[in-house]
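> The following block contains a protein sequence and its predicted model.
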Amino acid sequence: MASGGTTISHGGGLADRYAAALYDLADEDGALDQTVDQAAELGRLIDTNPDFRRLLNSPLIDIKQAIAAARAVLEEEGFSPIIVRFVCVIAANRRLTKLRGILSAFAHLVASKRGVVTAHVTSAHGLTHVQREQLRARLIESGYGNVNIDEQVDTSLLGGLVVRIGARLYDSSIKSRLQRLNYAMKGIA
């Protein structure tokens, strides 16, 4: 259990503990929805800004400098005091390299608490809006309830989809079909 009674459900590792602490803090302050949105925005900032990533991943930066630099960037970008303080605590604990993983763990924790299932979808080409909604409808029909789709593109699949929800894997890619056909043909020969 983390402070405030949040149960850590997957792994109990460092990222989960920080994610639970952020959840509890935001929930106690009545700012959970804003914090969820800003945590997602911070994740996008990390993914798209190489200079900010360098700051997070540099072992050579002094802690005080790292805290000051992170605070300056986050305040400049308009992040809430909860997010700014949270990142400063992570920096003070020398965990900036783990920030992206912590934000992912936070997103998973929020989704779990809200009853949202994340489907990790890999396709040969990016899904269109219509394809995404059709997939979401199929997953809801299959009993998954509220579904978030996390998309990735892997051109080696050639076509079709690979969908992973928790421990379940649904693979309808052309690549895997060709592999199964290849194994079947070897069995005949």
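Nice, I can see it. Numbering: from 1, shown residues only.
> pretty sure Leu157 is in contact with Ile174, am I right?
Yes - here Leu157 reaches Ile174: they are 6.6 Å apart, a contact under CB atoms under 8 Å. (C-beta placed from N, C-alpha, C; glycine too.)
> between these two, which one's more packed in?
It is Leu157, of Leu157 and Ile174, that has more neighbours when counted by other CB atoms under 10 Å, with 19 against 13.
> in this protein, what spans have low per-residue confidence?
In the predicted model of the chain, residues 1-12, 189 satisfy pLDDT under 70.
> thinking again about what came up before, between Leu157 and Ile174, what contacts are shared?
Where contact means CB atoms under 8 Å, 6 or more residues apart in numbering, the residues bridging Leu157 and Ile174 through contact with each are Ala124.
> Which stretches in this protein count as helices?
Using DSSP state H, the helices assigned to the chain run over residues 14-28, 32-48, 50-57, 63-76, 81-92, 99-113, 129-139, 174-188.
> Reformat these as TSV; add distance to Val147.
Formatted as TSV, the helices of the chain follow (distance: least, CB to CB, whole Å):
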stretch	distance to Val147
helix 14-28	21
helix 32-48	17
helix 50-57	30
helix 63-76	31
helix 81-92	27
helix 99-113	10
helix 129-139	5
helix 174-188	22
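> and of those helices, who's closest to Leu161?
When these are compared for distance to Leu161 using CB to CB, the nearest one is helix 129-139, at 7.5 Å.
> what helices or strands is the closest one leaning on?
Contacts defined by 3 or more CB pairs under 8 Å, 6 or more residues apart in numbering; DSSP states H and E place helix 129-139 against strand 116-123, strand 146-153, strand 161-165.
> Nothing else from me, thank you.
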